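A.B. asks: Below are the sequence and a predicted model; questions follow.
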Amino acid sequence: MNNQPKPDSKTYHDLISEIKKGIIKVPKFQRDFVWDIWKTAGLLDSILKGYPIGTFILWETDQRINEVKNIGNLDLPETPTGQNVQYVLDGQQRITSLFAAFLGAKIQKVGERKLTDYKDIVVNLSDDLDESEDRIITVKGEADVSVSLHDVLHFDYAMSKRLSENGLSDSQINKIDQYSKSFSTYAFSTVTLRKSDINSAIDVFTRINTGGKILTLFEIMSAKTYDEAAGFDMQVRWTEFQQRLNDRQYENIAPSVILQLLSLRLSETKECKRKTILMLDKADILEAWEAGLSAIEQVVDYFRTVLRIPVSQLLPYDTLIVPFAYFFMANGESPNGRQRRFLEELFWRSAFSFRYSSAAESRLAADIRRVDKIIEGERPSYHDVRLFIDSPDAVRETNFSAGNAACKAILCILAYQEPKDFHNNARVLLDNSYLKIASSKNYHHFFPKAFLKKSNAPQGNSISNITLVSADLNKNRIRAKAPSFYLVEFHEDNSDLKSTLATHLIDIDHASVIQDDYAAFLKHRSEVLYEEIAKRIDPPATAPEGDPVHELILEGEGQLIEFKSSMRYDMRTGEVNKKLEYVIAKTVAAFMNSDGGKLLIGVDDHRNSLGLKRDYSTLKKADRDGFQLHLSNILDKYLGREVMKLWNLSFPTYDNKQICQVSVRPSNRPVFVTFEGKESFFVRKEGSSQPLNRAEQHEWSKDRW
């Protein structure tokens, strides 16, 4: 019975000493320190008056869980090796207040810009402790005669002399001495839980915090899986991983995704209920963690390139990542054509049935059984999945909402078309921050709501009336104008307006657009949108052939892919710039000195197809043959003819424009770029071509060749 909780007490000095030694710690699953300085002053006032302030509940253990490393600007020490730690299960706000007050610290709380200076807590010397009901401990400016609480807590002979020199009377100094002794002798009530297992500690925390913070499953699992020796902190690892996803415009993915994925892979029952996740073995989680993150990254790349969902805000559910990540973990490679069709059917049927709006855990378990069938090459049955968007009428009657799963799925279909801007035919750049709510900048009602209001047209906010446009188009160009009016304006700037509107699944020649007939437009576009939906929820027997160049460009620039707008035509000056030729050569050399890759000329950083016509215009032979000859001469000049077998040129069509693809193989020896009599060595690092000095080149060559 020696592990039963035992009531005890600690002095103020004991508490501060044990925090400073790294023995008392605040676990990360506690909420942030949020008390304001007035509440801290009130706590100290209660202590001075001898009132009870509640019991500190501590969990003493030799285990290590993820803990708060600092409070504001106060770095907390590590627990000494071999020493048991006492984690605060109840009383975190109080104990942090005591610590900040004792140190007279300056703390910047989460979400606040200003620092809170705890030396601003003062002792009111105008009132007597026994005679006044007002606060003795207050905040600077609230007392006529006062002394810093920090001075009271650290009162000694030297402090007495200093305060006397500052003009305090003997009676005031005696009062300070009395108050100091009251703080130093106050007995803080503590109860220490000595059961070593974390489950007991979490259960206690949950029971005593019924009116406060409720631990999330992720916080519990972060605490349970923390491994100091392995350097594993789930919260830190997930935060770092989220930053990698943010770089891909897939931000704010819920941490439940990784827990559900690992549970479905590791549990014998292939379930991801809370109880199942809590029973997962720590060693198994640590072993599978990186594979799980890698699978999620593969899914994000798959969604961006194959489904062409460029940003996470368009995803109908975060949860949809889970069955796809399960596929990548279990299958071990990208899906073949047959698997791909069946996976996409799963995606769209889930979205249009609002499948993960409730009971997501049980539905994931059912869908994982479907994924297992897909891995075997079988098409799953969906007899139990009811589609809520099952006709053109259902599309038309769906009111647009940026948070509605079915609306998001339709927006994904619109994004798949890679919509172009009405005014310049450039690719619309979608951004998470412009897609959060229905009034966000990327959303445009093709028939503006203000225009429809004048004509009393119904269903003005139908999803069928929504297009995806650039952020400034609504505000600055369209406003409340009728389509027939603003499209004429755009046609003056954009001769390809018909093909531009086709990327929005809108036919400019349809009578409804020309005659501003909203009802006819709504009917026609709903039919077009449902036709796209039908293709996805009922996949064809054979896989359609994909465009490899298109999918390559959708992946975006990276370690093996680089885009260049032109070979020698300077887009800013409109003239030939031979330094651009050197940039082409160094990119090719960097691929040769690394793992190879592909350079696409005629594509800008935003994946817009610019084509080669501008470069053609700078050549004597202004066509593809002239371009090919000139580029070959550039590579021979800068890299040497001996490496010419390592590269080859092709001229695919992308977005109805011819571009150049330079396919580069890795070299078996160093390749240098000669420019103005100087040799330079380049490699691919972090998705760009970077120069190495002699020493770095030597190390690179030693490791590589």
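C.D. replies: Received it, and whenever you're ready, just let me know what you need. Residues are numbered from 1 along each chain as shown.
A.B. asks: I'd like to know how far Ile463 sits from Val88.
C.D. replies: 50 Å (CB to CB, to the nearest Å). For every residue, glycine as well, the C-beta is placed using N, CA and C.
A.B. asks: Mind exporting the C-alpha coordinates of the host helix or strand of Phe99 to PDB?
C.D. replies: Using DSSP states H and E, Phe99 maps to helix 92-103. The C-alpha coordinates for helix 92-103 follow below in PDB (Å, rounded to 0.1, in the frame of the first residue of the first chain):
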ATOM      1  CA  GLN A  92      -0.300  24.400 -12.300                       C
ATOM      2  CA  GLN A  93      -1.600  27.900 -12.500                       C
ATOM      3  CA  ARG A  94      -1.000  28.400  -8.800                       C
ATOM      4  CA  ILE A  95       2.500  26.900  -8.700                       C
ATOM      5  CA  THR A  96       3.600  28.900 -11.800                       C
ATOM      6  CA  SER A  97       2.300  32.100 -10.200                       C
ATOM      7  CA  LEU A  98       4.300  31.400  -7.000                       C
ATOM      8  CA  PHE A  99       7.400  30.700  -9.100                       C
ATOM      9  CA  ALA A 100       7.000  33.900 -11.200                       C
ATOM     10  CA  ALA A 101       6.300  36.000  -8.100                       C
ATOM     11  CA  PHE A 102       9.300  34.600  -6.200                       C
ATOM     12  CA  LEU A 103      11.700  35.300  -9.100                       C
END
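A.B. asks: Now do that helix: everything it contacts.
C.D. replies: 12, 15-16, 19, 24, 26, 30-31, 33-35, 39-40, 43-44, 53-54, 56, 71-72, 74, 88, 105, 107, 118, 121, 149-150, 153 (CB atoms under 8 Å, 6 or more residues apart in numbering).
A.B. asks: which among the residues you listed end up buried?
C.D. replies: 12, 15-16, 19, 24, 26, 30, 33, 35, 40, 43-44, 53, 56, 71-72, 88, 105, 107, 118, 121, 149-150, 153 (16 or more other CB atoms under 10 Å).
A.B. asks: for Asp233, what are its contacts?
C.D. replies: 66, 222, 226.
A.B. asks: quick one on the thing from earlier: which helix or strand lies directly C-terminal to the helix holding Phe99?
C.D. replies: Heading C-terminal from helix 92-103, the first helix or strand you meet, by DSSP H and E, is strand 106-107.
A.B. asks: pLDDT weak spots in the stretch 351-500 of the chain?
C.D. replies: Applying pLDDT under 70 to the stretch 351-500 of the chain flags residues 474-476.
A.B. asks: just the helices in it please.
C.D. replies: In the stretch 351-500 of the chain, the helices defined using DSSP state H, counting those that start in this stretch lie at 360-375, 392-396, 405-416, 449-455, 473, 483-493, 497-502.
A.B. asks: In the last one, which of the residues would be classed as buried?
C.D. replies: Translated: helix 497-502. For helix 497-502, by 16+ other CB under 10 Å, it's 497, 500-501.
A.B. asks: any weak-confidence spans in the stretch 601-705 of the chain?
C.D. replies: Using pLDDT under 70, nothing in the stretch 601-705 of the chain is flagged.
A.B. asks: That one: strands as residue ranges?
C.D. replies: For the stretch 601-705 of the chain, strands defined by DSSP state E, counting those that start in this stretch occupy the ranges 647-650, 653-654, 657-658, 660-664, 672-675, 678-685, 688-692.
A.B. asks: got it, and the stretch 101-250 of the chain?
C.D. replies: 106-107, 116-117, 121-124, 137-139, 146-148, 188-193.
A.B. asks: of all the ones you listed, which lies closest to His698?
C.D. replies: Closest to His698 of the strands of the stretch 101-250 of the chain is strand 106-107 (CB to CB; 49.4 Å).
A.B. asks: Report the distance from the closest one to the chain centre.
C.D. replies: The chain centroid and the centroid of strand 106-107 are separated by 29 Å under CA atoms, centre = their mean, to the nearest Å.
A.B. asks: mind listing what Ser256 touches?
C.D. replies: So Ser256 contacts 217-218, 318 (CB under 8 Å, 6+ apart).
A.B. asks: re the thing from before, any idea of the angle the helix holding Phe99 forms with strand 188-193?
C.D. replies: 130 degrees (axes from the mean of the first three to the mean of the last three CA atoms, to 10 degrees).
A.B. asks: I'd like the average pLDDT over the longest helix along the chain.
C.D. replies: For the chain, the helix with the greatest residue count under DSSP state H is helix 282-305. Averaged across helix 282-305, pLDDT comes to 94.
A.B. asks: which helices and strands does that helix pack with?
C.D. replies: Helices and strands in packing contact with helix 282-305 are listed as helix 217-225, helix 234-246, helix 256-266, helix 321-331, helix 548-555; criterion 3 or more CB pairs under 8 Å, 6 or more residues apart in numbering; DSSP states H and E.
A.B. asks: mind listing what's buried in that helix?
C.D. replies: 285, 288-289, 292-293, 295-305.
A.B. asks: And the strands of the stretch 601-705 of the chain: which comes nearest Ala359?
C.D. replies: strand 653-654 (43.5 Å).
A.B. asks: Which strands or helices does the closest one pack on?
C.D. replies: helix 548-555.
A.B. asks: could you give the angle of the helix it packs on to helix 282-305?
C.D. replies: Here helix 548-555 runs at an angle of 120 degrees relative to helix 282-305 (the same axes, to 10 degrees).
A.B. asks: Check which helices and strands helix 548-555 sits against.
C.D. replies: helix 282-305, strand 561-564, strand 597-601, strand 653-654.
A.B. asks: Asp421 is nearest to which of the ones you listed?
C.D. replies: The nearest among the helices and strands packed on helix 548-555, by CB to CB, is strand 653-654 at 17.8 Å.
A.B. asks: Give me the residues contacting that closest one.
C.D. replies: Against strand 653-654 from outside (CB under 8 Å, 6+ apart): 549-550, 553, 602-603, 609, 659.
A.B. asks: what does stretch 52-64 give?
C.D. replies: By CB under 8 Å, 6+ apart, stretch 52-64 touches 5, 7, 10, 24, 43, 46-47, 79, 84-91, 94-95, 188-196, 198, 201, 204, 208, 226-228.
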